[in-house]
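Enquirer: Here is a sequence with its predicted model. Questions after.
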Amino acid sequence: MNPAKQTKRLPRAEQAAAVALSVFLAAFSLHVPASAAATKPNFILILADDMGYGDIAPFGSTRNRTPNLDRMAQEGLRFTSFYAAPVCTPSRAQILTGCYAKRVSLPNVLSPAAPIGLSPREHTIAELLKEQGYATIAIGKWHVGDHPDFLPTRHGFDRYFGLPYSNDMGGPAELSKAKRQRRPPLPLVQNEQVIETVTPEGQNRLTERYTVEAVQFVREHKDSPFFLYLPHTAVHVPIHPGDKFRGRSANGIYSDWVEEVDWSVGQVLDTVRELGLAERTLVIFTSDNGPWLTHGTNAGTAGPLRGGKGGTYEGGVREPTIAWWPGKVPAGASNDAPAANFDLLPTFVKLAGGKVPTDHKIDGEDLSPLLLGRTSKSPHQAHYYFSGNALQAVRSGPWKLAIARQSENLRKSASTEPEANKPFTPMLYNLDSDIGERHDVAARHPEIIKRLRELIAKMDADLGITRLGPGVRPPGRVAQPVGLWLPGQAPTAEELAAHYDLQALDELGIGEVLSQGEAPQIGGKPLAISAEVQAESPEGVIVAQGGSFNGYALHLHGGKPVFTVRVAGEVFSISAPEKPASRFRVEARLGRDGALSLAVGGQSVAKGKASGVIPAQPHEDFCVGFDNGRPVGDYDGKARFRGTIANLKVVTE
């Protein structure tokens, strides 16, 4: 266990002694000969956000000019089968802990003021490098918890500068409304303090500001080993290229921002070269997940891969990745061996001369033999594709077996496709000959399917396929999450009491949101929803909570009320057979045994059966009149409900 993490649980006197010892050890380390420090390589990890496999020239882009990444690839190694997770939070959790996101209970995207985050019991890449004498900094998007207990400075980073989550998660500019939603205006954080609210105009400067901080850190620590973690906000929507880059490309503002990220990479690498650090600095460039395809021209491309962000087809999770270390990593090389972002922790720690603690199981393996050109074989027998807590596919060698319906992207759920109600037959792809996953060859290779099912059985005994297996560890948790606000702006206890009475959901208007912790706590409980509705459109969400793995929604389709629940990834839905009058009262129930019922005007109109209650609290927000997360059912969650929603109630036993 990290001494800093132990200190948090010691009495005050012992804390003071521990701090004094830390200061002494730090002072002592200043006298370590420079030659000893020089033997340890520096590590720079540059992470793009939502950048697709086909968005940079080394991976086939002809739209975006990326001369610095081109040079990085010419001087380094391309990993062409490097995997992340389908969305932001899980991918970052994997990098930081060396584990599948499910193992550390961060399988879904966290909202601001979430009650969970990265557990203090997990060993992070920064913590383990810090134990080896490294200076550490995180610059950019964090997104594994925004309570102070979850921030970078509590997980091994000496310093932090950036946004605690995605750039589309800022609360309303009107402070009273932001407080009611418990969603602060977009905060820029330095260490553990909000230093400013980031406006849309301010977002234009984020990439430049991150880059300036990164270059300064490298210069400050040129004589001692360092770890720079640079997770960019770019190119996540909303798209905000800097003023010097907007309009410079020939392909719109998305390409402008890709080219600014390339510029940033160049600034960092040029600084490393200028300071004579190239031969002792390993730089990795990668992305957290595939392109957010539903944003059209504001999204990238997965190139030859199928799907994008939010899905477990290759386009959602296989990322453009380059390793650069002159004199160590072979120049102009590529490797197609499956590897993953959770491999970075054991790789960096091994190269730094340290050892990964054995008190917690991790999933990562040391990639240094691949990096240094000593082998072309993957250290993994298999790679597993999780969507939330559900295992959807497994890869071993070139073979990928899908055991559940996969979604193409974040908005197009597999559960809403025409075949969704039919039994799913596993599908087998040979990724060497069919990188686009278009040809199911399961019928021709029963022996391959048998072998892959044996690997799946091993994972089921560890993390579980849909359930939570014995290998899943709890997340960090706080009792009263408030979020990150400028000093003096956080909601008071009185405001919280006034605005977060969950017995008064009817005070919420269309477009309003409650975060996971504020929402009705429905996990593992029977559920009843009721509302008085006046509809001016045949389509629309009345109320929704969740969607990625667990959740429910009451919505209209063709004017008919529909009640949809997602139970451990499986979708169940019932619908009224007829369209009611424009004004009606609707009630939906999910019983303890999974019984579904729907009533309109006090009369039962539909019944069905789910596999049980929703087993855990959904990770997504509770939304009235729309859905800002992954849809639970077949509806457009982004469109606001046209009409009125009154007397909304969500009741649990």
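Expert: Noted; the coordinates are in hand.

Enquirer: so how far is the longest helix seen in the chain off the chain centroid?
Expert: Criterion DSSP state H: the longest helix present in the chain is helix 252-274. Relative to its chain's centre, helix 252-274 lies at 23 Å (CA atoms, centre = their mean, to the nearest Å).

Enquirer: In terms of secondary structure, what does the host helix or strand of V533 contact?
Expert: In this assignment (DSSP states H and E), V533 forms part of strand 527-535. Packing contacts for strand 527-535, counted by 3 or more CB pairs under 8 Å, 6 or more residues apart in numbering; DSSP states H and E, involve strand 540-546, strand 551-557, strand 583-590, strand 643-652. To be clear about C-beta, it is placed using only N, CA and C from the backbone, and glycine gets the same treatment.

Enquirer: which of these is buried the deepest?
Expert: Looking across the helices and strands packed on strand 527-535 with neighbours counted as mean count of other CB atoms under 10 Å, the highest average goes to strand 540-546: a mean of 27.

Enquirer: Need the residues that contact that strand.
Expert: 519-520, 522, 529, 531, 533, 551-556, 561, 566, 586, 614, 618-627, 629, 631-632, 635, 637, 639-643, 645, 648, 650 (CB atoms under 8 Å, 6 or more residues apart in numbering).

Enquirer: ends of stretch 351-369, how far apart?
Expert: Start-to-end span of stretch 351-369 (CA to CA, to the nearest Å) is 11 Å.

Enquirer: What of stretch 535-547?
Expert: Stretch 535-547 has an end-to-end distance of 23 Å (criterion: CA to CA).

Enquirer: swap in stretch 39-53?
Expert: For stretch 39-53, the first-to-last residue distance is 34 Å (CA to CA).

Enquirer: And stretch 588-602, by the same measure?
Expert: End-to-end distance (CA to CA), stretch 588-602: 11 Å.

Enquirer: Burial check on H445, number of neighbours?
Expert: Residues lying near H445 (other CB atoms under 10 Å) number 15.

Enquirer: who's in contact with the closest residue to it other than its chain neighbours?
Expert: In space, not counting the residues next to it along the chain, H445 is nearest to L428; the distance is 5.9 Å by CB to CB, 6 or more residues apart in numbering. When contacts are counted by CB under 8 Å, 6+ apart, L428 is found next to 399-402, 440-442, 445, 448-449, 452.

Enquirer: L428: helix or strand, and which one exactly?
Expert: Assigning secondary structure by DSSP H and E places L428 in strand 427-430.

Enquirer: Output that strand as CSV, restricted to C-alpha atoms.
Expert: Output in CSV follows, covering the C-alpha atoms of strand 427-430 (Å, rounded to 0.1, in the frame of the first residue of the first chain):
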residue,chain,number,x,y,z
MET,A,427,-20.9,-15.0,-34.5
LEU,A,428,-17.3,-15.7,-35.3
TYR,A,429,-15.0,-13.3,-37.2
ASN,A,430,-11.4,-13.8,-38.5
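
Enquirer: State the mean pLDDT of that strand.
Expert: For strand 427-430, mean pLDDT rounds to 98.

Enquirer: Name the helix or strand for T207, please.
Expert: T207 is part of helix 206-220 when elements are defined by DSSP H and E.

Enquirer: quick one: contacts of the next helix or strand after that helix?
Expert: As assigned by DSSP H and E, the chain's next helix or strand after helix 206-220 is strand 226-231. Here strand 226-231 makes contact (CB under 8 Å, 6+ apart) with 42-47, 49, 92, 125-126, 129-130, 134-142, 157, 162, 210, 214, 217-218, 264, 268, 288, 348.

Enquirer: How far does strand 226-231 sit from its chain's centre?
Expert: On CA atoms, centre = their mean, the centre of strand 226-231 falls 18 Å from that of its chain.

Enquirer: returning to what we had before: in the strand holding L428, which residues are buried?
Expert: Neighbour counts using 16 or more other CB atoms under 10 Å place 427-430 of strand 427-430 among the buried residues.

Enquirer: That one pairs with which strands?
Expert: Strand 427-430 pairs in its sheet with strand 399-402 (antiparallel), by DSSP bridges.

Enquirer: before we move on, the earlier item: would you mind checking which of the contacts of L428 is nearest to D256?
Expert: Ranked by distance to D256 (CB to CB), those are led by K400 at 34.7 Å.

Enquirer: Count residues in the vicinity of the closest one, would you?
Expert: K400: 23 neighbours (other CB under 10 Å).

Enquirer: which one is it nearest to, not counting chain neighbours?
Expert: For K400, the closest residue by CB to CB, 6+ apart turns out to be Y429, at 4.7 Å.

Enquirer: The one you found and I448 touch, don't they?
Expert: No: the criterion here is CB atoms under 8 Å, and Y429 misses it with I448 at 10.6 Å.

Enquirer: Overlap in contacts, those two.
Expert: 399, 401.

Enquirer: show me where pLDDT drops low in this structure?
Expert: For the chain, the stretches flagged by pLDDT under 70 are 1-38, 410-422, 496-504, 516-518, 548, 653.

Enquirer: Which of the residues in the helix holding T207 are classified as buried?
Expert: Neighbour counts over helix 206-220 (16+ other CB under 10 Å) mark 206-211, 213-215, 217-218 as buried.
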